[in-house]
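>>> For reference, the sequence and a predicted model appear below.
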Amino acid sequence: MANSIETIDTNIDYRRRQRLGRLGHKAVILFGALLLAFYALAPISWLVSSSLQTEAEIVSVPPHWIPDEPTLQNFRAIFSAGEDEPVTYETRSGADPVSGGFIPSSASSLLPSMWNSTIVATLVVILNLLVGVPAAYAIAKIRYWGRNASMYFILITRVIPDIALVVPFFLVIRKLGMLDTIGSLVITYLAVTVPFTVFILVQFFEGLPDELDKAARVDGCSRFQAMVRVFLPLSLPSLVAVVLFTFLTSWNEFLLALMFTQTEASQTLPILLASFTSDFTVSFSFLNAAGVLAIVPPVIVAIIFERYIVSGLTAGAVKG
């Protein structure tokens, strides 16, 4: 009887320790997740909060995470830039940034630069799919000589750092007479994004049974029809991941845009935002409001396609 009681007590203690261990494990995971979330979201929270503050409140010590008197004057200044008197040396150097009245000289080009970024990103996404999808389908489903070598060659192009490609790209763009145009950015961004597109889609297409391709061919479909009618509907998650990666890369790219665009008529948003820090002084409130506008399109795209992002990035990772 005593042994039975001891055995029961031992089992109860074991289950209690096991339960406490699981709770401790979950607590550690929760703490790590909250810490990571704070690390990732704190800069964005400060960006949004400071865009609603005056310049004096931003530079105050200690900083205010929640504005005392939220204001939209920074956003109004962005949309009304250029409507007031022309910005001259006297008006720029004489403005007091703490008063909130300082506007960078290139502020009137902010909205046009956003439009340039939208055009570039959209064109790159469309052309990227037109080039990358057929290439990935051919590599994955058509057996030809040099198939593996072509895949390796495509991947090798992404091993080279972007900074090493600036001079060759510049010489090509200059020969084509496309300097200081949106087209120069579209061409160079395609060279950066197409290898990633091909790699992701090849992994996904190879995970689909070859019998699908054979059945489509037996039913009278051409290679192009099989790709469009059979494989593209099944590859929606991967296509969304490719679109998101391509859009964000084109929207945020700075180095190539800095090298190939010289005037505000063709400059994209990252270049114009950088120019706000090279004036007579820096208006942090205005700069942060512009930063909020800059992150709105990528956030909207990510929210729309959020359900496909994880499945698309892991497509082809496991093969049965």
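In hand now; what should we look at?

>>> Show me where the stretch 151-300 of the chain has its helices.
162-175, 182-207, 210-218, 223-226, 232-234, 236-252, 255-260, 269-275, 284-304 (DSSP state H, counting those that start in this stretch).

>>> Give me the helices and strands touching the second one, please.
Using 3 or more Cβ pairs under 8 Å, 6 or more residues apart in numbering; DSSP states H and E as the contact test, the elements touching helix 182-207 are helix 110-141, helix 147-156, helix 162-175, helix 236-252, helix 255-260. (Glycine included, C-beta is placed from N, CA and C.)

>>> of those helices, which approaches Val218 most closely?
helix 110-141 (14.5 Å; Cβ to Cβ).

>>> Give me the packing partners of that closest one, helices and strands only.
helix 73-80, helix 147-156, helix 182-207, helix 236-252, helix 269-275, helix 284-304.

>>> Any buried residues in the first one, and which?
Going back to what we said before, that points to helix 73-80. By 16 or more other Cβ atoms under 10 Å, the buried positions in helix 73-80 come out as Gln73, Asn74, Phe75, Ala77, Ile78.

>>> can you check the third one too?
By 16+ other Cβ under 10 Å, the buried positions in helix 182-207 come out as 182-205, 207.

>>> Could you do stretch 57-66 as well?
Quick answer for stretch 57-66 (16+ other Cβ under 10 Å): Glu57, Ile58.

>>> next one: phi and psi at Thr181?
Per-residue torsions, Thr181: phi -130, psi 160 (degrees, to the nearest 10).

>>> Next, count neighbours for the closest residue to it other than its chain neighbours.
Spatial nearest neighbour of Thr181, chain neighbours left out: Ser266 (5.7 Å); criterion: Cβ to Cβ, 6 or more residues apart in numbering. As a burial measure, Ser266 scores 21 neighbours (other Cβ atoms under 10 Å).

>>> Touching, Ser266 and Gly183? I think so.
No - between Ser266 and Gly183 there is no contact under Cβ atoms under 8 Å: 9.2 Å.

>>> Find the nearest non-adjacent residue to the residue nearest the centre of the chain, please.
For the chain, Leu248 is the residue whose C-alpha lies nearest the centre (Cα atoms, centre = their mean; 2.8 Å). Closest residue to Leu248 apart from its sequence neighbours, by Cβ to Cβ, 6+ apart: Pro298 at 5.5 Å.

>>> Isn't that neighbour up against Ser250?
No - between Pro298 and Ser250 there is no contact under Cβ under 8 Å: 10.4 Å.

>>> the more surrounded of these two?
Set Pro298 next to Ser250 and count neighbours by other Cβ under 10 Å: Ser250 wins out with 26 against 15.

>>> Find me the pLDDT at Tyr308, would you?
You'll see Tyr308 listed with a pLDDT of 68.

>>> what do you get for Met114?
Met114 is assigned 91 on the pLDDT scale.

>>> That one is in contact with Leu293, isn't it?
Yes - under the criterion of Cβ under 8 Å, Met114 makes contact with Leu293 at 6.9 Å.

>>> Show the contacting residues for Tyr137.
Leu201, Phe205, Arg223, Met227, Phe231 (Cβ atoms under 8 Å, 6 or more residues apart in numbering).

>>> if I look at the second one, how far off is Leu127?
Think Phe205. As for Phe205, its distance to Leu127 is 20 Å (criterion: Cβ to Cβ, to the nearest Å).

>>> report the angle between the axes of the lengthiest helix in the chain and helix 284-304?
Longest helix in the chain by number of residues, with DSSP state H as the criterion: helix 2-51. Between the axes of helix 2-51 and helix 284-304, defined by axes from the mean of the first three to the mean of the last three Cα atoms, to 10 degrees, the angle is 130 degrees.

>>> ok now whichever helix or strand comes after helix 2-51, how far from the chain's centre?
The helix or strand immediately downstream of helix 2-51 is helix 55-58, counting by DSSP states H and E. Offset of helix 55-58 from its chain centre (Cα atoms, centre = their mean, to the nearest Å): 30 Å.

>>> can you give me the mean pLDDT across helix 55-58?
Per-residue scores along helix 55-58 average to 79.

>>> what helices or strands is it leaning on?
Applying 3+ Cβ pairs under 8 Å, 6+ apart, one finds that helix 55-58 contacts helix 284-304.

>>> mind checking pLDDT for the closest residue in space to Ala274 that isn't next to it in sequence?
Counting by Cβ to Cβ, 6+ apart, Ala274 lies nearest to Phe254, which is 7.3 Å off, once chain neighbours are set aside. Note on Phe254: pLDDT of 91.

>>> and Phe254, what is it in contact with?
With contact set as Cβ under 8 Å, 6+ apart, Phe254 has these partners: Pro270, Ile271, Ala274.
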